[in-house]
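Colleague: Quick one, fold the following:
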Amino acid sequence: MEQIGESVNSTAVRRQMSSWLHLEPLLAVILWGGIYPGVKLGLRAIPLLSFTYLRILLAMVVLFAVSMRLRPLLLPRVLWRPVLHAGLAQTCFQLLLVASLQWTTAGNGAVLLATAPLLTAAWCAVTGRERPGRQQWAGMVVGFIGVGLVVYGGGTGMLWSHLSGDLLAVGAAGAWAWYGVVIGPVVGALGPLRATGWTMVIAALCFTPLTLGEVRSHAWGLVPWEAWAGLIYGATAGMVMAMALWGKAVHRLGPLQTMLYVYLEPISALIIAAVVLSEALHLPQAAGIVITFVGVGLASYR
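Modeller: The predicted structure follows:
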């Protein structure tokens, strides 16, 4: 009887935890957090646009190579429009993100990209898809404050000279919110791997005319293995696995619940950088981490 009671208690604890935090989006943001050290290594030897383009191409190839074993690759005509919307959202996000990195700081970009949950909530409320309650709004605001402490607790500040890049980062947040809204039905029809693969196809087609000349002229023989390692991680774990987990979460939880986990991406990057690169973790940042988790849990709990 004691064993049965312990089993019931452990099941209840797991259910209680799953009502606060969900595994798929949490793993996705952890994998995205590991991209930043890889990007730092890659951009030392590879131009930014070329790095992004090759990452998309490699992710597309891996996604289709894996999904070929699961089901046919043909795309039903009824899905052309939703796949096109998801692919264009992915393209806009990548383009705006790349452009913002050239005109603003990483700290500014991280905070402004964290507006995606708020933008998603506003979109869902306006369109009637899902109406956030007071608890969800409160959790999103608390989470955003926590992200601000995490980023600016490291000593960086908002500079008006970066205004153009900041606006591009807000646009990237809007594009990511758009992607979160439209990718769910595509994942439901195709599965997370094929759905993500088709969005990568559209993104690759859009990037090709922008980067083909740069890719042709770059001295690829001089690129060190560390840069290639950063590119490969960003394409596989950072895009294939993370995007598939994200799409699955959007389909299962909805765009609003999933988008909350964007708040945890800068936290993931900060912790990984502290462990891998021995970067300092300041007290305001630690407080911001706690506040962000409280906000995400508050907005997620039902």
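
Colleague: Tell me where the stretch 151-300 of the chain has helices.
Modeller: Counting by DSSP state H, counting those that start in this stretch, the stretch 151-300 of the chain has helices at residues 163-190, 192-217, 225-235, 242-253, 255-259, 265-276, 283-300.

Colleague: For those helices, state which one has the densest average packing.
Modeller: Most buried of the helices of the stretch 151-300 of the chain by mean neighbour count (mean count of other C-beta atoms under 10 Å) is helix 255-259; its value is a mean of 26. Every C-beta, even on glycine, is put in place using the N, C-alpha and C of the backbone.

Colleague: Run through who's touching that helix.
Modeller: For helix 255-259, the external contacting residues (C-beta atoms under 8 Å, 6 or more residues apart in numbering) are 22, 25, 116-117, 120-121, 124, 129-130, 132, 136, 176-177, 180-181, 184, 246, 249-250, 300.

Colleague: What's the mean pLDDT across that helix?
Modeller: Averaging pLDDT along helix 255-259 yields 77.

Colleague: Name the helix or strand of this structure that has the lowest mean pLDDT.
Modeller: helix 2-18 (a mean of 47; mean pLDDT, DSSP states H and E).

Colleague: For the following helix or strand past that helix, name the packing helices and strands.
Modeller: The helix or strand immediately downstream of helix 2-18 is helix 23-33, counting by DSSP states H and E. On a contact count with 3 or more C-beta pairs under 8 Å, 6 or more residues apart in numbering; DSSP states H and E, helix 23-33 meets helix 242-253, helix 265-276.

Colleague: would you turn those into a markdown table with distance to Val83?
Modeller: Compiled in a markdown table, the helices and strands packed on helix 23-33 are given as follows (distance: least, C-beta to C-beta, whole Å):
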| stretch | distance to Val83 |
| --- | --- |
| helix 242-253 | 12 |
| helix 265-276 | 25 |
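
Colleague: quick one: which of the ones you listed is nearest Thr91?
Modeller: Ranking the helices and strands packed on helix 23-33 by proximity to Thr91 (C-beta to C-beta) places helix 242-253 first, at 13.5 Å.
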